[in-house]
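Asker: coords please:
(one chain, ligands or ions: 1)
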Amino acid sequence: MSRPIKIAAAQLGPIARDEPRSAVVKRCLILMHEAKAKGVELIVFPELALTTFFPRWYLEDQTEVDAFFETEMPSAETQPLFDAAKELSMGFYLGYAERVPGEEGDRHFNTTILVDQQGEIVGKYRKIHLPGHEENEPWRPFQHLERRYFESGDMGFQIFDAFGGKVGMAICNDRRWPETFRVLGLKGAEVVLIGYNTPRHYPPAPEHDHLQDFHNHLVLQAGAYQNGTWVVGVAKAGIEEGCDLIGGSCIIDPTGTIVAKAEGVGDELVIADCDLDRCDEIRKKIFDFRRYREPDNYAPITAPKETGPKQ
Ligand code: CDV
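Answerer: As a prediction, this is how the structure comes out:
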């Protein structure tokens, strides 16, 4: 048996602070058309794909912050992506900053959607693991204020029946937490799509800067193998507003093997034929969850976070 789906990781190079969404959408459309010529059915864009990675700045004016957010999806500016999905019969994953206006104040999420080959939204995920800090820390060469500008996602880790399989979604820092992949794996994910923006320099632990590419692939490959799922990791890469973002976009099979990888740090397609039936190689033969898991011994995993070791 085989259930192949051709997937493209659509890495994006840097997006300037003053680059309008229309210009980014144009870049995405070029990649979609290029992907169509190669038979791609699902294309995966990065985290916060419509703008520069704005959490690197401490902004006091909320109006200035909100300018990076979307209140509707599709909007007039993003509609061409949905039209292209339908025209090209190509689904997509798109990360963006989502603002939800409400009577008790606006809510802000780091979000991604899954759009099918008819151009319809069939899945949505709001980033759960938010890295960084809440307050301005002027000692840093750049900020990482995701914990100031977003709240943790309220939709859990879900699986969506789409593209003939079970699709899970996560965003950037989620990939470093095994729980992300395990929950998606337990729900039956056959492919997990993950966009990211990862600065090469990590101010709290600069001694690990040279390990950024290694850690990126380490967690993506481990997540794939340990849960018998395909994984698609997609970077926003290159020098963006003076900040060096790693590339390394890749597609990983359920054995944990990287089958396709980006060569540069600009706009680039990474394509692979992903046979979803290959998940069985691991799920039936190595990690049969029903047979081999020992959840009675895993209670600390779901205990409140305050019960973890003090650092
Ligand atoms: N956008 C991110 O979530 N970036 C984090 C960095 C800050 C560590 C990451 O996990 O790649």
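Asker: My assumption is that residue 30 lies in a strand; please confirm.
Answerer: No - under DSSP: H, G, I helix; E, B strand; the rest coil, residue 30 sits outside any strand and is assigned helix.
Asker: Which residues of the stretch 151-300 of the chain lie near the ligand?
Answerer: The stretch 151-300 of the chain comes close to the ligand at residues 172, 173, 176, 196, 197, 198, 202, as judged by Cβ under 6 Å from any ligand atom. Glycine gets a C-beta too; all of them are placed from N, C-alpha and C.
Asker: among these, which are in strands?
Answerer: Assigned to strands by DSSP state E, the following of those qualify: residue 196.
Asker: Please, a PyMOL command that selects the buried ones among the residues of the stretch 151-300 of the chain next to the ligand?
Answerer: Buried members of those, defined by 16 or more other Cβ atoms under 10 Å, are picked up in PyMOL with:
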select buried, resi 172+173+176+196+197+198+202
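Asker: so how far does stretch 285-304 reach from one end to the other?
Answerer: Taking Cα to Cα, to the nearest Å, stretch 285-304 runs 34 Å from one end to the other.
Asker: Quick one: mean pLDDT for that stretch?
Answerer: Confidence over stretch 285-304 (mean pLDDT, whole number) is 97.
Asker: how far does that stretch sit from the chain's center?
Answerer: Counting by Cα atoms, centre = their mean, to the nearest Å, stretch 285-304 is centred 25 Å from the centre of its parent chain.
Asker: And for that stretch, what's in contact with it?
Answerer: 179, 185, 186, 226, 227, 228, 283, 307, 308 (Cβ atoms under 8 Å, 6 or more residues apart in numbering).
Asker: again, only using 10 Å
Answerer: 178-179, 182, 185-186, 188, 225-228, 254-255, 282-284, 307-308 (Cβ atoms under 10 Å, 6 or more residues apart in numbering).
Asker: Can you get me the start-to-end distance on stretch 41-61?
Answerer: Length of stretch 41-61, first residue to last, Cα to Cα: 41 Å.
Asker: Ok, stretch 116-124 next?
Answerer: By Cα to Cα, one end of stretch 116-124 lies 12 Å from the other end.
Asker: What segments of this structure are helices?
Answerer: 21-37, 62-66, 79-88, 146-149, 178-186, 212-227, 279-283, 289-292, 299-302 (DSSP state H).
Asker: Return the alpha-carbon coordinates of the fifth one using PDB.
Answerer: In other words, helix 178-186. Provided in PDB are the C-alpha atoms of helix 178-186 (Å, rounded to 0.1, in the frame of the first residue of the first chain):
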ATOM      1  CA  PRO A 178       8.800  16.200  23.000                       C
ATOM      2  CA  GLU A 179       5.300  16.600  24.400                       C
ATOM      3  CA  THR A 180       4.200  18.400  21.200                       C
ATOM      4  CA  PHE A 181       5.100  15.500  19.000                       C
ATOM      5  CA  ARG A 182       3.900  12.900  21.500                       C
ATOM      6  CA  VAL A 183       0.400  14.400  21.800                       C
ATOM      7  CA  LEU A 184       0.200  14.700  18.000                       C
ATOM      8  CA  GLY A 185       1.600  11.200  17.700                       C
ATOM      9  CA  LEU A 186      -1.000   9.800  20.200                       C
END
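Asker: Give the buried residues for it.
Answerer: 180, 181, 182, 183, 184, 185.
Asker: my guess is the fifth one meets residue 157, correct?
Answerer: Yes - in terms of Cβ atoms under 10 Å, residue 184 counts as a neighbour of residue 157; the distance is 5.3 Å.
Asker: Common neighbours of the two, please.
Answerer: Joint contacts of residue 184 and residue 157 (Cβ under 10 Å, 6+ apart) are 168, 169, 170, 174, 192.
Asker: Next step: the residues you listed restricted to strands.
Answerer: Among the shared contacts of residue 184 and residue 157, DSSP E puts 168, 169, 170, 192 in strands.
Asker: Between these, which sits nearest residue 237?
Answerer: Each of those was scored against residue 237 by Cβ to Cβ, and residue 170 proved nearest at 18.4 Å.
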